[in-house]
Every structure is written in C-alpha cells, then in structure tokens.
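Asks: The following block contains a protein sequence and its predicted model.
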Amino acid sequence: MLTDKEVQQFHADGYLRGGTVASEEEVELLRSEVLRVIDNRDAPGFQPVLLHNMARAEAPVWQIVNIWEASEAFRKLIYNQKIAEEMSQLTGATSLRIFHDQIQYKPATTGGVNMWHQDAPLWPILAPMTEVTAWVALDDVDEENGCMSMVPGSHRWGNHIDFLNTFKTFDDVPAEFEGRPIEVRTCPVKKGEVHFHHALTWHGSNANRSGRPRRAIAIHFMTQDTRFVGSGDHVMKPFVEVGDGEVMAGEHFPLVYSAT
C-alpha cells in the first residue's frame, strides 16, 4: 500500500513512482510474451485489438493494445491486486475496470520517440478526464533507453493537447505555459516496478539510444465514475456495450477491483 505522503505527492505532481509489482520470473515471462505476440501477429487465434509500429520504420515504437486478450501472463497482470489497491488509493475508486492496456516497445539502438502528449484527450469516448495509468517496466528504463519524462503539476492545467502538438521535437519544450513555469523531470523505473500517472499529465519519452531494449506496459484504469461518450472515436469503441452517458462496463473492460 502507498503511504499518505505518496498519495499526496501524486496529487501534487500528477505522477508517482511506485514499488515492485512483478517478480524476476514474471518479468521474464512477460518479456517473452511481448516478442511472441509480435512474431505471431499474422497467425490465427486470439490477437490483441491493435498491433503496429506507431513511429517511423527506421525508428520503431511497437504498440500493442490489449495484449491481455492474447496472453494469459498479461491477463494475470491486469488483475494484480497490489496495483489495483494502490490505484484505488490514488483515485478514491470503489471499483476499477481496465479501459485497455498498451505495450510500447522500443528496440535497442533504433527505438523511436513518443512525443509529448496527454492521455485523456486521446480517449474521447471517456468522461470525465480523471483516469490514471499504471505503467509497468519490463526492462530497467532510464534516460539512455527512453524513459518517460513528466511535467509536474500539469494535470491541473486542463486539456492542452493542441499546444503539445505544436512541439517540433521532443526537446522543443518552452520555458513556460500561460505564465506557469514548465519543469521537465525524467522518470527512471526499474524492471518490475510500477509508475503511476494521471491522464492529463504532460508526458513523453525520448528515443532509445542504448544497446538495451525498452519494454513496458501501460494499464489504463477507469473508476466507477467513468462514462461512455458516444460522439468520440477510439480503437476500443467497437467493443463498448453501454449507451451514451452510461458507466463503462462490458466483457472487454474487465472489473479488476471492487471494495465491496
């Protein structure tokens, strides 16, 4: 469980490095499953919702959405109760569902950039913009192999995805925004550890310049207050089973925690 000080730090900064949530053996299995799913992406059978290179061919960032639907090891991870209980502490949730998971794999040496963004504006089928992500590292992640960077406090500034989209390079970050100073902090994470961030926190990750891979999974959580917005669009929209304005639920959005 998180301490009161850690919870307060999360609410102040919009992100928090947590502790270990997966053992060495579990991490090794999850790593092998990432490669297996990528290698078998054209094979018949259970497949993730989306699997593609989301960056340039010469600087790949492999994205896999809902790998839990193609891998029993990742299915087990999304039900990890240490993650769920700490997520409940951070959000005040009495129940938690998975919106989707997302692998982002940057191969050694060539792995590309994930530009500055906020998660919530990219999820226009959800409201309100209060979701929190648990990002689990499957490798030791540092500046050399493309760890995330965060702007503390930016989750309190609202939706500014259009402004972030004006950045021409990853390092093209202005000194201030609307009179607020912008501080960029790098967020190294050890393999098997979890890192939490709010869906409105400004974040991104630089290229992998090392000889080591950078594999991680982001698990995006919804609380009992998360509702479906029918006017929005997203890769998960075809799987929604509830009506516009109703609380998100359904087979593809599994319930992983309940306080009752």
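Replies: Structure's in. What do you need? The structure displayed is predicted, hence computed values, not measured ones. Numbers count the residues shown, from 1 in each chain.
Asks: okay, now residue 148: neighbour count?
Replies: 24 (other C-beta atoms under 10 Å). Backbone N, C-alpha and C define where each C-beta goes, glycine included.
Asks: next one: phi and psi at it?
Replies: Dihedral pair for residue 148: phi -70, psi 150, per degrees, to the nearest 10.
Asks: Tell me which residues touch it, please.
Replies: Taking C-beta atoms under 8 Å, 6 or more residues apart in numbering as the contact definition, residue 148 lies against 135, 141, 186-187, 189, 195, 197, 203-205.
Asks: would you turn those residues into TSV with neighbour count and secondary structure?
Replies: As requested, the contacts of residue 148 are arranged in TSV below (neighbours: other C-beta atoms under 10 Å; DSSP: H, G, I helix; E, B strand; the rest coil):
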residue	neighbour count	secondary structure
135	24	strand
141	28	strand
186	13	strand
187	19	strand
189	21	strand
195	24	strand
197	26	strand
203	27	strand
204	20	strand
205	26	strand
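Asks: Partner strands of whichever strand in the chain runs longest, with direction?
Replies: Taking residue count as the measure and DSSP state E as the definition, the longest strand of the chain comes out as strand 95-106. Neighbouring strands of strand 95-106 in its sheet, by DSSP bridges, are strand 62-65 (antiparallel), strand 214-223 (antiparallel), strand 255-258 (antiparallel).
Asks: Just the mean pLDDT for the first one, thanks.
Replies: Translated: strand 62-65. The pLDDT scores in strand 62-65 average 95.
Asks: who's in contact with whichever helix or strand comes after that strand?
Replies: Toward the C-terminal end, the helix or strand that comes next after strand 62-65 (DSSP states H and E) is helix 72-78. Residues from elsewhere that reach helix 72-78 (C-beta under 8 Å, 6+ apart): 22, 26, 29-30, 33, 67-69, 98, 101, 136, 217, 219, 254, 256.
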